[in-house]
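# Need a 3D model of the following:
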Amino acid sequence: MKAIRQRTVDAHGRPVRQMIEAKQSVDTALELYIYDDIEPDGRNWWTGEVIESETSAAAIKAVLDEHKDVDQINLYVNSRGGSVLEAMGIRAHLLRHPAKKTAYVDGWAASAASFLLTACDEVLMLTGSMQMLHSMWILMAGNAAELRKARQNVSSLGWRIVCWPRPSTRGSSRRSRLR
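Alright, predicted model coming up:
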């Protein structure tokens, strides 16, 4: 099957080009830009073609694997969020990388994109930038059993996420709860 690029659309249904860029700025630093929704790989329902997302956990892992020797990762975020499961995967890959990580919020770090900041040693927000957090929600269709299972998953995931360590206390026993 042929792989195609993920297509994101705006509120009016117009295609929006996905933006992720990674470059090694000096021999010891990686500049990683996430300027789009965080979305998993998928398939086109009509054609069966594979849709490869540039903002999936697998794509970010591939970038980090290419740059195992860097001492510093500068993560630039301007994203409305997206898939919480993909964001959790990206967060895990960032945490496992031995480099010091600094996040720069260039515009929005909304919803799932805000989780990426929790993997960084330092978070810097420009004047006018925003971080937006909210209670987890999903869109779901299915029978009664599937809906009950989805409800249980959202409740379980939501509780785990609000109990994550804050970036400044990563690795300690202090926890922060969002309301």
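
# rest of the way, CA atoms for contacts and neighbours
Fine.

# In contact with A141, which residues?
L147 (C-alpha atoms under 8 Å, 6 or more residues apart in numbering).

# from here on, count from 41
Will do, 41 is the new start, and the previous item becomes A181.

# Secondary structure element for it, which one?
According to DSSP states H and E, A181 maps onto no helix or strand at all.

# got the phi/psi numbers for it?
Per-residue torsions, A181: phi -130, psi 140 (degrees, to the nearest 10).

# can I assume A97 is in contact with S123?
No: counting by C-alpha atoms under 8 Å, S123 is not a contact partner of A97; they are 10.1 Å apart.

# Those two - which one has more neighbours?
Legend: neighbour count by other C-alpha atoms under 10 Å for A97 and S123, higher for A97 (24 against 17).

# what number of residues lie near the nearest residue to that one once chain neighbours are set aside?
In space, not counting the residues next to it along the chain, A97 is nearest to I130; the distance is 4.7 Å by C-alpha to C-alpha, 6 or more residues apart in numbering. I130: 25 surrounding residues under other C-alpha under 10 Å.
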